[in-house]
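Novice: this one's structure only:
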C-alpha cells in the first residue's frame, strides 16, 4: 500500500462522518472509517473505492477505550505508522426537557460525546506525534457558546469538547499537533430528524453534512490568515458565526437574553 496522508474518522458510516470521509477520499487520503453501523460502512467502502481511494473500515464502540486503541493501531498499521488527521466525529443528540429524559439516556450521551472523544485523543496521540504537521478535529457545536435550553446535557458535553480542544491545542503544540473544533448549528442528518426545540423553530435546520465536511477540510488545511491567528474554533454557517461573534463581544446578560429568546424560554 502507498503510504499517503491518512485520516481516521469515528461515526463515519453516515451523516457528517460519511461526507467527511468522501471529501478526504477525493483528496487522496487513506481513509480509516469506523462506526457501529457495518452496513453503512460497506456502502461507504464502495463509494470511496469508486473514487480510486483506499479505505480501511471497522466496527467501533467509541466508549470502549481498548476497542478504540486497537482500532487506531490496526488502521495505522496499514499506513506505515502515519496518522495525519484524527476526526472525533461520533456523537448523539438527545433533545427535550432535562428532567423528562431518563438519566440513563443522559449518561449514554455523556459517554459517547465526551468519553468517546477522550478515548480517540488518547489512542491517536502517539501516531499524531510521529507524523509531521498532524491535526485533530473534534466535533463540538454552537451549543458550546452558551448552554442551550432543551439540550442541556448535549450542550454540556460540547462545552467539554471545547475545553479539551483548547487545552490540548496548547499542550500538543510542542509536538506540532494542531487541535481544532468545529461549531455547527443544527445539521440535516438522521441525528436531528425528530428533534424539535425552541431553537430549531427559531433558527431552523439549515446546514447539510457536506457543509460541515467542507469546513473540516478547510480547518485541516487552513488559509494563511487562519494560520497566522492560530484559529482553534471554527463556527460553521452564518448563524453560528454570528452567534459566536456576538457571544464574544456582548455582556453576559445580553448573551443570556439572546439565547433565552431564541429558545422561547
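Specialist: It's in. A quick note: this is a predicted structure, and the numbers were derived from the prediction, not measured.
Novice: strands along this structure, start to end?
Specialist: Using DSSP state E, the strands of the chain run over 6-10, 30-35, 55-59, 85-88, 135-139, 178-184, 233-236.
Novice: wait, which of the ones you listed is closest to residue 164?
Specialist: With C-beta to C-beta, the closest approach to residue 164 among those belongs to strand 135-139: 7.2 Å. Glycine gets a C-beta too; all of them are placed from N, C-alpha and C.
Novice: tell me the mean pLDDT over the closest one?
Specialist: For strand 135-139, mean pLDDT rounds to 98.
Novice: from the contact counts, what lies against that strand?
Specialist: Under the contact criterion of 3 or more C-beta pairs under 8 Å, 6 or more residues apart in numbering; DSSP states H and E, strand 135-139 touches strand 85-88, helix 116-129, helix 152-171, strand 178-184, helix 209-220.
Novice: who's in contact with residue 29?
Specialist: If you count contacts by C-beta atoms under 8 Å, 6 or more residues apart in numbering, residue 29 has them with 4-7, 53, 84-85.
Novice: let's have those in TSV, adding neighbour count.
Specialist: Formatted as TSV, the contacts of residue 29 follow (neighbours: other C-beta atoms under 10 Å):
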residue	neighbour count
4	15
5	18
6	26
7	27
53	19
84	21
85	26
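Novice: before we move on, back to that, make JSON lines out of the helices and strands packed on strand 135-139 and add distance to residue 30.
Specialist: Formatted as JSON lines, these follow (distance: least, C-beta to C-beta, whole Å):
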{"stretch": "strand 85-88", "distance to residue 30": "11"}
{"stretch": "helix 116-129", "distance to residue 30": "13"}
{"stretch": "helix 152-171", "distance to residue 30": "24"}
{"stretch": "strand 178-184", "distance to residue 30": "20"}
{"stretch": "helix 209-220", "distance to residue 30": "14"}
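Novice: looking at those, which is nearest to residue 73?
Specialist: Here helix 116-129 is closest among these (C-beta to C-beta), at 7.6 Å.
Novice: go ahead and confirm residue 32 touches residue 17.
Specialist: No. Residue 32 lies out of contact with residue 17 (C-beta atoms under 8 Å); the separation is 11.2 Å.
Novice: mind listing the shared neighbours of these two?
Specialist: Counting by C-beta under 8 Å, 6+ apart, the contacts common to residue 32 and residue 17 are residue 9.
Novice: residues contacting residue 155?
Specialist: Contacts for residue 155 were tallied using C-beta under 8 Å, 6+ apart; they are 141, 143-144, 147-148.
Novice: next one: residue 64
Specialist: Per C-beta under 8 Å, 6+ apart, neighbours of residue 64: residue 119.
Novice: let's number from 57 now, not from 1
Specialist: Taking 57 as the first residue, the last one we looked at is residue 120.
Novice: out of the strands of the chain, nearest to residue 321?
Specialist: Nearest to residue 321, of all the strands of the chain, is strand 234-240, at 21.5 Å by C-beta to C-beta.
Novice: check which helices and strands the closest one is in contact with.
Specialist: Using 3+ C-beta pairs under 8 Å, 6+ apart: strand 234-240 touches strand 191-195, helix 208-227, helix 265-276, strand 289-292, helix 294-305.
Novice: mean confidence for stretch 307-321?
Specialist: When pLDDT is averaged over stretch 307-321, the result is 78.
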